[in-house]
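> just the structure for this:
(chains A and B)
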Amino acid sequence: MIQNNSTNNGGTAPTDLNVAPLSRRIRPYLIVAPALLITIGILIPFGMAIYFSMTGYTFRNPDPTFLGFKDFAFLKNWIRMFQDAQFWNAVWVTLRYAFWSTIIELLLGLGIAMLLGNTDNRFSRILRVALIFPLMVAPVIGTLIWQLMLRSGVGIIDKFLNTLGIYGMQWGASSKTAMLTVVMIDVWVNCPFVIILVLAGIQSLPKSPFESAKIDGGSAWFNFKTLTLPMLKPTILIALLFRLMAALQEFGIIFALTKGGPGDTLMSLSVTAYTRAFLYQKFSGALPFILVLWFIVNTVAKRIVTAWRKSQYQATGKELEEVAKKEGLIKRLVKGGKAK
Amino acid sequence: MKKLFALLLVVTLMATLFVGVGSAEGEFDWKAYAGTKIQVMFNQHNYQKAITDYGKLEAFQELTGIEVEYSVTPEENYFDKLSVALSSKGGDPDIFMTGAYQVWDYASAGYMEPLDEYITDPDYNFADFYPGVAGTLAWDCIPGHAVGSGHQWALPMGYELNDIAYNKKYFDENNIAVPKTTGELLELSKSLKGWHGGENDYGIAVRGTRNWATIHPGYMSLFATWGAKDFEVEDGKLVCKLDSPEAIAMTDYWVKLIVEGSSPQWATFTWYEAGANFGAGVAAILYDATCNAYFQSYPADASAEAGNFGWIPGVVPDDSGLTENDIKSNVWVWSMGMNANSDNKGAAWLFLKYFTGPEFMLFSGTEGACADSPRASVAESEEYKAIVGQQFNYLESLDALLPNATIQFTPQPYFFETTTEWAATLQDLVQAYRDTGSCDTEGAMKALKAKLDIAVEDLVCE
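Prediction:
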């Protein structure tokens, strides 16, 4: 057995005997090597995006000189973006879309999962399977299906509204209802993801706390508030993390339904960047929009991950353990201090 | 005598041989690039279907020994995909469908092969194309310069003018006169709400998405008839003219026409929705590409209202003193171009030659349901007229429009940016008018002009 005696016994210098073999020393590096390669693969395009955002790279000028700085624009594209009213509108649209779609999906998903999780009959089992169907549809295809259902005079939803005496619904064609329409489609496509995730969380909850609460006569609301919700919090935060990140980046649903219109009503950061890059052919001018989007997603994701770690401690009771440990340690320290 | 006879025989044989060789050399060698594989990108359209869905592509492959791989992409995303493919400079696709406006972008970026040398092929008969149609695909790549001069960048598959189609059966049954002026068109469109017995039925269908395609058909045709222009060259720079009195008056009219006479879902209408509503009997009038209504009318089972349509060239502004002969139409030409970075230019040319040649175009113009043939030999043939001429006043409207039909836009490589922003402004105006009953068209067009002047500021017109 190799012992580390370099510090505890008065600073003896390491000898050949206590040096680990090479294969053992490089093992940690070999283990992280694949992850490192993937990280590099991710960072190269990211670095390129930052670089090209500072050039004059366009469809008509696809070869900006790299080292000669012929078309080096430095921060020109960035300054232009921050001065552009369409940018601030795009940020606002992105945040609103992400907020509404995520919050509705979480509330609806949680509610449906609770209902399904507390019943086990043939109907609920069929529902659990059927609810997954929208997840199997690409968001763009889902949007086209909804477009047909909402089509004036032809679509099944419009026909249904007609029977109620409601005519002329504009849906994605009006700036008043366009956001509602795309959020509605997003909820249809992605809510099943939240339902499945939360349902799995509910089914993995320990039974004993609920049995104890039942014996003590706890109400359903008490059980939900004090047992289910705290223990489900990590699962809910995972759902929030995935849905919020995807909603912030959403492109397919908005583009397929309205291309960002009417006017600039739905010109989110993704749609604005796509329009400028591929329709206007101004790639370098579009890249700052995408990088700002990355910054927003990254910031939000980090905060949720931090909250998730904390919630895991809370849900498993580890936090209490740690507090107890800390308190015990403090007491010991205090006692020790007094003794001296 | 025998010697003379022998000499004559030799001379005759030699002459026959030379004639034989001559004819063999004159006969075009379709197998010259046998074994080559080419990639073709199509936009989803009747012009593509005529090539891919009737066995003609297989016939070409058999004739030439060239293997053709192709992709078909819906129009809404086609040009985005094509732009990325061309800018990669990988040579794929070798051939692609395009329009004249795209040429301003692709050709000036160096992604298109000039076809001037290829079209001198005597078998091809380039002169058979209507000059006004083929000419829209020639450009000198100088922003602000008109089309028609410079290299020939693409070859036409079919052209589209923009006129007004209406439900003739309903008009006749109800003694409704076709409109002649913009005022009559507005009043008629308003009065046609619920015309077919349904609450959702409305007067006039036009395109409305946040896209360049909203501007170029009916809107741009009436815009030009009104006397308005998008840009003008001043001191070697492009200057936006969308704040002119004509442009403001026309746009103001168009906003009213949409809110009072069109579908409440106008802002999500592409050419497909506009045409489909007309064919289904939901819209009574369609102001769009000539062939859009034609596709709803031919063949006989194309739509619920197929065969019930009539066409007029358009309308003139009230009190303008203009007549039908002054109506202008914007031109769109579906065409095919060759990738400048293609490694298979010889085989690619054979593809172009075959599928824009007179023989194939006669087929596409008749059985292939591609109206508006760009080849005079086809458009004037009895077979073509026997089919397309069945549609009431279709060919007559085309004839009336052709003298004043051209690309009404100022050629410039930022076409898609300027027209998409234009469409967004139009959507804002329609929304404002719908919500409040009025809109500040002048203010919006002035703001748009300022934005577009910045967008084109780096273009030099010389």
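
> distance of the residue in the stretch 1-150 of chain A positioned nearest to chain B from B:Lys31?
Chain B sits closest to A:Arg60 of the stretch 1-150 of chain A, with a gap of 4.6 Å, by C-beta to the nearest C-beta. In this view, the C-beta of every residue, glycine as well, is placed from N, C-alpha and C. A:Arg60 is 39 Å from B:Lys31, where distance means C-beta to C-beta, to the nearest Å.

> ok so, going back, my read: the residue of the stretch 1-150 of chain A closest to chain B touches B:Ala107, true?
No - between A:Arg60 and B:Ala107 there is no contact under C-beta atoms under 8 Å: 10.6 Å.

> which one of those two has more residues nearby?
Ranked by neighbour count (other C-beta atoms under 10 Å in any protein chain shown), A:Arg60 and B:Ala107 place B:Ala107 first, with 25 against 18.

> remind me which residues of the chain are low pLDDT?
I went with chain A, as the question did not name one. Scanning chain A for pLDDT under 70 picks out the ranges A:1-18, A:62-70, A:317-324, A:326-340.

> actually, chain B is the one I wanted.
Using pLDDT under 70, chain B drops low at B:1-26.

> what's the domain layout of it?
B:37-159+B:332-399, B:162-330+B:408-455 (automatic domain parsing).

> just the C-alpha atoms of stretch B:343-351, please, in PDB.
Output of stretch B:343-351 as PDB, limited to C-alpha atoms (Å, rounded to 0.1, in the frame of the first residue of the first chain):
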ATOM      1  CA  ASP B 343     -18.300  19.600 -61.600                       C
ATOM      2  CA  ASN B 344     -20.800  18.300 -64.100                       C
ATOM      3  CA  LYS B 345     -21.600  21.300 -66.300                       C
ATOM      4  CA  GLY B 346     -21.900  19.300 -69.500                       C
ATOM      5  CA  ALA B 347     -24.400  16.800 -68.100                       C
ATOM      6  CA  ALA B 348     -26.200  19.700 -66.300                       C
ATOM      7  CA  TRP B 349     -26.600  21.500 -69.600                       C
ATOM      8  CA  LEU B 350     -28.200  18.400 -71.200                       C
ATOM      9  CA  PHE B 351     -30.700  18.500 -68.400                       C
END
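
> outside of that stretch itself, list whatever touches it.
B:30, B:32-33, B:36-38, B:40, B:60, B:64, B:66, B:68, B:91, B:94-95, B:113, B:118, B:338-339, B:342 (C-beta atoms under 8 Å, 6 or more residues apart in numbering or on different chains).

> which ones among the residues you listed are found in helices?
B:60, B:64 (DSSP state H).

> what subset of the contacts of stretch B:343-351 is buried?
When the contacts of stretch B:343-351 are checked for burial by 16 or more other C-beta atoms under 10 Å in any protein chain shown, the buried set is B:30, B:33, B:36, B:38, B:40, B:60, B:64, B:66, B:68, B:91, B:94-95, B:113, B:118, B:338-339, B:342.

> of the residues you listed, which belong to strands?
Counting by DSSP state E, the part of the buried ones among the contacts of stretch B:343-351 found in strands is B:38, B:40, B:68, B:95, B:338.

> switch these over to CSV; also include distance to A:Thr299.
Converted to CSV, these look like this (distance: C-beta to C-beta, whole Å):
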residue, distance to A:Thr299
B:Ile38, 48
B:Val40, 46
B:Val68, 50
B:Ile95, 47
B:Met338, 48
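
> between those residues, which sits nearest chain A?
Checking those against chain A with C-beta to the nearest C-beta, the nearest one is B:Met338 at 18.3 Å.

> is it true that that closest one touches B:Leu155?
No - applying C-beta under 8 Å as the test, B:Met338 and B:Leu155 come out as separate, 9.1 Å apart.

> between those two, what contacts are shared?
B:115, B:352.

> how about the domains of chain B in CSV, adding distance to A:Phe74?
Below are those laid out as CSV (distance: least, C-beta to C-beta, whole Å):
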stretch, distance to A:Phe74
domain B:37-159+B:332-399, 24
domain B:162-330+B:408-455, 20
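
> from the chain's centroid, how far away is whichever helix or strand A:Val182 is part of?
Using DSSP states H and E, A:Val182 maps to helix A:178-203. Chain-centre distance of helix A:178-203: 13 Å, with C-alpha atoms, centre = their mean, to the nearest Å.

> now do stretch B:137-146
With C-alpha atoms, centre = their mean, you get 18 Å for stretch B:137-146.

> helices or strands up against the helix holding A:Val182?
helix A:85-117, helix A:139-150, helix A:229-249, helix A:252-258 (3 or more C-beta pairs under 8 Å, 6 or more residues apart in numbering or on different chains; DSSP states H and E).

> most tightly surrounded among the ones you listed?
helix A:252-258 (a mean of 24; mean count of other C-beta atoms under 10 Å in any protein chain shown).

> please see if that one touches chain B.
Yes - against chain B, helix A:252-258 shows contacts by C-beta under 8 Å from any C-beta of the partner chain at A:257-258.

> tell me, how many residues neighbour residue 192?
Using chain A here. Neighbours of A:Pro192 (other C-beta under 10 Å): 22.

> could you do chain B instead?
That count, for B:Leu192 with other C-beta under 10 Å as the rule, works out to 23.

> now the residue nearest to it when sequence neighbours are not counted, what's its secondary structure?
Excluding the flanking residues, the one nearest B:Leu192 by C-beta to C-beta, 6 or more residues apart in numbering or on different chains is B:Gly203, at 3.7 Å. Following DSSP: H, G, I helix; E, B strand; the rest coil, B:Gly203 is assigned to strand.

> tell me how many other residues surround A:Leu161.
Residues near A:Leu161, counting by other C-beta under 10 Å: 16.

> could you do A:Pro288 as well?
Neighbours of A:Pro288 using other C-beta under 10 Å come to 25.

> again, but for the one 3 residues further on
If you count neighbours by other C-beta under 10 Å, A:Leu291 ends up with 18.

> quick one: contacts for it?
Applying C-beta under 8 Å, 6+ apart, we find A:Leu291 in contact with A:49-50, A:53.

> isn't B:Ser364 right up against B:Pro156?
No - between B:Ser364 and B:Pro156 there is no contact under C-beta under 8 Å: 11.4 Å.

> which parts of the stretch 151-300 of chain A sit against chain B?
So far as C-beta under 8 Å from any C-beta goes, the stretch 151-300 of chain A lies against chain B at A:151-154, A:158, A:162, A:167-176, A:257-264, A:274-275, A:278-282.

> in strands, which of the contacts of A:Leu291 fall?
Per DSSP E, the subset of these in strands is empty.

> list the buried residues for the helix holding A:Val182?
For helix A:178-203, by 16+ other C-beta under 10 Å, it's A:178-179, A:181-199, A:201-202.

> got phi/psi on residue 54?
The chain I'm using is chain A. phi -110, psi 20 (degrees, to the nearest 10).

> so it sits right up against A:Arg80, yeah?
No - assessed by C-beta under 8 Å, A:Met54 is found out of contact with A:Arg80, at 11.9 Å.
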